[in-house]
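# Sequence first, predicted coordinates after that:
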Amino acid sequence: MRVLVTGGTGFIGSHTVVELIEAGHQVVIVDNLVNSKRSVLDRVARISGTAPEFHEADIRDETALDRIVGGGGFEAVVHFAGLKAVGESVRRPLDYWEVNVGGSTTLFRVLDRNDVRTVVFSSSATVYGDPDEVPVTEATPIKPATNPYGGTKQVIEQILTDLHASDPRWNVALLRYFNPVGAHASGLIGEDPNDIPNNLMPIVAQVAAGKLPEVNVYGNDYPTRDGSGVRDYIHVVDLAEGHLAALDRLAVDSGRHVWNLGTGNGTTVLEVIAAFSAATGRDIPYRPAARRPGDVAETWADVTKAERELGWRAGRTVDEMCADTWRWQQYALTLDG
Ligand SMILES: NC(=O)c1ccc[n+]([C@@H]2O[C@H](COP(=O)([O-])OP(=O)(O)OC[C@H]3O[C@@H](n4cnc5c(N)ncnc54)[C@H](O)[C@@H]3O)[C@@H](O)[C@H]2O)c1
């Protein structure tokens, strides 16, 4: 298949590109590099043996997209591009609506015009908000978003749902990711934000590396087994494989599908810190801090539907997630800029 990957130099995108190439697909990336580096392309080539075609372009740029998609012979699009920091979305809502939603509608318009209507979209467990029950299934009600980032994910899901209703040739997978972490086992690619990290695992890695002094554990009085928050961490390579499984499924079962991509297991913040310390043999100082507004106590996925319909399973353990993150973290320190 010839596949367009928006946001393909980013964290999840780059791992998915590797898996796509290794499965024999032809990959074309569109990314404006706002949160990733061009050097990812060389590292993807080192891992997979093939350098993907790359276009530095913004998904809001309709003319550029038309040039890339027109005559490109694409059979499917995996759409990762967007802004993803929850806190930043509260401070800069217009940017989030403009890039995530505006960029997506521009992309979908260009795809429609060019008869490319198979889309795998990066949604998020954040659409469930604070769920009444765990584990969360795809039928768990969507709650009103508590921040603009979550709002944009809900709206893009709705736009793709509306497109499918308007024309059944739109073949759509809404993938609701739980907490992607880890890195490629080669240690050559991983999460590489251009800014200070927002998520637990990169922060823990930077504390282990001595780049940050300690981990703030937001909330130690949740009704969980050790008082810290529980999340469903999924290894990014398992997640990447989920995208290939979704593409395969769309090819034989067209329609509008929703799949939770997680492991089905919850891990506490303190357990992640302990696992990372064991994986690295380093002490990881942490201290309790106040709960953050909008954080939920615990959430993890019911992955029965994804496992049954995609024939896919996230099998990598938290220990592997920590070991791979650490290998990547050490390599990342040697990279320029
Ligand atoms: N990482 C997570 O925890 C998580 C969880 C759920 C959903 N998601 C979603 O998955 C997708 C990928 O996330 P990620 O963690 O790989 O993030 P990332 O920031 O590493 O990747 C996003 C990529 O999109 C690019 N991009 C941003 N705005 C763009 C624009 N206007 N035009 C072109 N490219 C643009 C960035 O440069 C980056 O390479 C995002 O849509 C994110 O919201 C991520």
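Now that the structure is in, tell me what you want to look at.

# what residue ranges in this protein score low on pLDDT?
Under the criterion pLDDT under 70, the flagged ranges of the chain are 193-194, 336-337.

# Longest helix in it, by number of residues?
The longest helix of the chain (DSSP state H) is helix 148-166.

# what's the following helix or strand after that helix?
Downstream of helix 148-166, the next assigned helix or strand under DSSP states H and E is strand 171-177.

# Can you pull the residues of the protein lying near the ligand?
By Cβ under 6 Å from any ligand atom, the residues of the chain that approach the ligand are 7, 9-13, 31-36, 58-60, 80-84, 99, 103, 122, 124, 177, 179-180, 199. Glycine gets a C-beta too; all of them are placed from N, C-alpha and C.

# Mark which of the residues you listed are buried, thanks.
7, 9-13, 31-32, 35-36, 58-60, 80-84, 99, 103, 122, 124, 177, 179-180, 199 (16 or more other Cβ atoms under 10 Å).

# Show me what the helix or strand harbouring residue 307 is packed against.
According to DSSP H and E, residue 307 maps onto helix 304-310. Here helix 304-310 touches helix 236-252, strand 256-261, going by 3 or more Cβ pairs under 8 Å, 6 or more residues apart in numbering; DSSP states H and E.

# and the angle for the longest helix of the chain with strand 256-261?
Inter-element angle recorded for helix 148-166 and strand 256-261: 140 degrees (by axes from the mean of the first three to the mean of the last three Cα atoms, to 10 degrees).

# contacts for helix 148-166?
82-86, 89-90, 93, 96-97, 100-101, 104-105, 108, 112, 117, 119, 121, 123-124, 126-127, 129, 142, 145, 170-172, 174, 255-256, 258 (Cβ atoms under 8 Å, 6 or more residues apart in numbering).

# List the buried residues of it.
148-157, 159-160, 163-164.

# Find out how far that helix is from the centre of the chain, if you would.
17 Å (Cα atoms, centre = their mean, to the nearest Å).

# For the nearest residue in space to residue 31 that is not next to it in sequence, give me its contacts.
Nearest residue to residue 31 in three dimensions, chain neighbours excluded: residue 9, at 4.5 Å (Cβ to Cβ, 6 or more residues apart in numbering). Going by Cβ under 8 Å, 6+ apart, residue 9 touches 29, 31, 33, 36, 37, 38, 40, 41, 54.
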